[in-house]
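S.K.: I would like the atomic coordinates for the input below:
(one chain, ligands or ions: 2)
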Amino acid sequence: MEPFATKVAILAQKLAEILAEKLGHKSSFFQESCLPSTCYLRLNRYPPCPIPSDIYGLMPHTDSDFLTILHQDQVGGLQLVKDGQWIAVKPNPEALVINIGDLFQAWSNDCYKSVKHCAVTHPTKERFSAAYFLCPSYETVIESCSMPSVYRKFSFREYRQKVQEDVQLHGYKVGLSRFLV
Ligand SMILES: O=C(O)CCC(=O)C(=O)O
Ligand SMILES: [Fe+2]
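M.R.: Ligands and ions are numbered 1, 2, ... in the order given. As a prediction, this is how the structure comes out:
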């Protein structure tokens, strides 16, 4: 697991840099704010579920990070919203899935969009996935890279607190729209 985490951490930094450069920003921001101690790897296990159409493996959500690198096995179950429709991502254990997270959406001033996704369960098969989250330290302030800014600047701590508060109060994450200017 450690060699996977090390490789995927390097890949995440490279991808963040390339995406920043695409927006005309030669940024060391991700290297400075996303440290090994602030990023994490989550291992997901989805047991078989006899009523898959009624029970999600993971509820629809966007990731609260800069970007996520996901490896899924051959069972399949990852779905995402494209042009307003839920589509299944064809499982390919040889490939990695890269998802933009909320923080990249805010930093890029809505140029990159945080993708809504979920995991559905399988009636008979157990499924595994591994997700690496490129996250900054809680003190990091996320400020749009261009003007006029769609979102006010906020710290990652503030963002996480707001998400938690919304989940506790309303039962769901509201996300970036809480930070619209
Ligand atoms: O298991 C999957 O395909 C999705 C995992 C995921 O979205 C997450 O861990 O945030
Ligand atoms: Fe996710």
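S.K.: burial of the residue lying closest to residue 104 once chain neighbours are set aside, as a residue count?
M.R.: Residue nearest to residue 104 in three dimensions, not counting chain neighbours: residue 66, with 4.7 Å by Cβ to Cβ, 6 or more residues apart in numbering. Bear in mind the C-beta positions are built from the backbone N, C-alpha and C, glycine included. Residue 66 sits with 34 neighbouring residues when counted by other Cβ atoms under 10 Å.
S.K.: my guess is residue 66 contacts residue 30. True?
M.R.: Yes - applying Cβ atoms under 8 Å, one finds residue 66 in contact with residue 30, separated by 6.6 Å.
S.K.: which residues are common contacts for the two?
M.R.: 16, 134, 136 (Cβ atoms under 8 Å, 6 or more residues apart in numbering).
S.K.: can you tell me, leaving aside adjacent residues, what's nearest to the first one?
M.R.: Which is residue 16. residue 30 (4.0 Å).
S.K.: so which elements touch the helix or strand encompassing that neighbour?
M.R.: Assignment of secondary structure by DSSP states H and E places residue 30 within helix 29-33. Helix 29-33 sits against helix 2-22, with contacts defined as 3 or more Cβ pairs under 8 Å, 6 or more residues apart in numbering; DSSP states H and E.
S.K.: so what touches the helix it packs on?
M.R.: Contacts to helix 2-22, defined as Cβ under 8 Å, 6+ apart, come from residues 26-27, 29-31, 34, 36, 39, 41, 66-67, 69, 71, 96, 98, 104, 108, 112, 130, 132, 134, 145.
S.K.: the chain against ligand 1: which residues are in contact?
M.R.: Within reach of ligand 1 by Cβ under 6 Å from any ligand atom, the chain has these residues: 42, 44, 58, 63, 70, 72, 77-78, 117, 119, 129, 131.
S.K.: what's the neighbour count on residue 64?
M.R.: Neighbours around residue 64, by other Cβ under 10 Å: 20.
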